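Chemist: sequence? don't have it. structure:
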């Protein structure tokens, strides 16, 4: 008869694996805007918007397009609502998801 040994599951030094790499510019803006509590999935969803924020803040360009300004207002609105507990993660995700 075969017996099973008791396994010790107390691993040390393990870190979570990130399947996707978020651009450093996006992470910098997340830190500057104090959005550190945002889940990675939301950051990935609005990554291109965050890079746009970064490019404008560093003077690479200035947008005058109404569509871009409206999107940025929308991103700010839903992120603030999520962080303040006004809406759920699912609602913020659905509203920020672009087609």
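Modeler: Received it, and whenever you're ready, just let me know what you need. Predicted, not measured: the structure shown is a model, and the values here were computed from it.
Chemist: which ones are touching the most centrally placed residue in the chain?
Modeler: The residue lying closest to the centre of the chain (Cα atoms, centre = their mean) is residue 43, at 1.3 Å. Contact analysis of residue 43 by Cβ atoms under 8 Å, 6 or more residues apart in numbering lists 22, 26-27, 30, 50. In this view, the C-beta of every residue, glycine as well, is placed from N, C-alpha and C.
Chemist: switch to 7 Å and redo it
Modeler: Residues in contact with residue 43, defined by Cβ atoms under 7 Å, 6 or more residues apart in numbering, are 22, 26, 30.
Chemist: I'd guessed the last one sits against residue 39; true?
Modeler: No: with contacts counted by Cβ atoms under 7 Å, residue 30 stays clear of residue 39, the gap being 11.1 Å.
Chemist: just to revisit the earlier point, filter the contacts of residue 43 down to the ones in helices?
Modeler: 26, 30 (DSSP state H).
Chemist: who wins for most neighbours among the contacts of residue 43?
Modeler: residue 30 (22 neighbours; other Cβ atoms under 10 Å).
Chemist: Longest helix in this protein, please.
Modeler: Assigned via DSSP H, the chain shows its longest helix as helix 66-83.
Chemist: Would you mind identifying the next helix or strand past that helix?
Modeler: helix 89-96 (DSSP states H and E).
Chemist: Who are the packing partners of that following helix?
Modeler: Counting by 3 or more Cβ pairs under 7 Å, 6 or more residues apart in numbering; DSSP states H and E, the packing neighbours recorded for helix 89-96 are helix 40-45, helix 66-83.
Chemist: where's the last one relative to the chain centroid, distance-wise?
Modeler: Using Cα atoms, centre = their mean, to the nearest Å, we find the averaged C-alpha position of helix 66-83 to lie 13 Å away from the chain's own average C-alpha position.
Chemist: what comes up buried for that helix?
Modeler: For helix 66-83, the neighbour count (16 or more other Cβ atoms under 10 Å) marks 71-72, 75, 78-79, 82-83 as buried.
Chemist: Pick the one among the residues you listed closest to residue 63.
Modeler: Closest approach to residue 63 among the buried residues of helix 66-83 (Cβ to Cβ): residue 72, at 8.3 Å.
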